[in-house]
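# Sequence first, then the predicted structure, then my questions.
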Amino acid sequence: MTYVVTEACIKCKYMDCVEVCPVDCFYEGENMLAINPEQCIDCGVCEPECPIDAIQPDTREGSEKWVEHNRAYAALWPNIRFGGIAPEDADEWRTVSDKLTQYFSEKPGKGTPKP
């Protein structure tokens, strides 16, 4: 089992989840995060940290597409090990629906610079 980031994260990109992850399995896109399902240890500490419920277990109905989405973008985006600041307008995007088709960006985020 793994946890996945869903479309609720798009344009919100709160990063509380990144701070608590013990295995650094989060990857940063321009406007959302992804979890590498091969690195996730199924500890579940990230799920309650997300203020918009964008993280869910892969056992939830309909999560199959999110497992593949997270797998694909974790392979393309840089790893992020420390949380950051959510976009200033994040709260305005909390209840917007259909964000994947309208607002998702494939561009990578900044990630955590290597020492």
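Good, I have the coordinates.
# Just grab the bridge partners of the residue nearest the centre of the chain for me.
In the chain, the residue lying closest to the centroid (C-alpha atoms, centre = their mean) is residue 33, at 2.8 Å. When bridges are called by DSSP bridges, residue 33 pairs up with residue 28.
# tell me the contacts of it?
Shown in contact with residue 33 (C-beta atoms under 8 Å, 6 or more residues apart in numbering): 5, 9, 13, 15, 17, 18, 26, 27, 80. Using the backbone N, CA and C atoms, a C-beta is placed for each residue, glycine as well.
# ok, so of these, who is nearest residue 47?
residue 17 (7.9 Å; C-beta to C-beta).
# Tell me where the model's unsure across this protein.
Scanning the chain for pLDDT under 70 picks out the ranges 114-115.
# just the strands in it please.
Assigned by DSSP state E, the strands in the chain fall at 3-5, 26-28, 33-35, 55-57.
# What are the buried residues along the lengthiest helix in the chain?
Longest among the helix segments of the chain by residue count, using DSSP state H, is helix 64-76. Burial within helix 64-76, assessed by neighbour count using 16 or more other C-beta atoms under 10 Å, is assigned to 66, 69, 70, 71, 73, 74.
# swap in stretch 17-33?
So, applying 16+ other C-beta under 10 Å, buried residues of stretch 17-33: 17, 18, 21, 25, 26, 27, 28, 29, 31, 32, 33.
# can you pull the contacts of the third one?
For residue 21, the set of contacting residues under the criterion of C-beta under 8 Å, 6+ apart consists of 45, 46.
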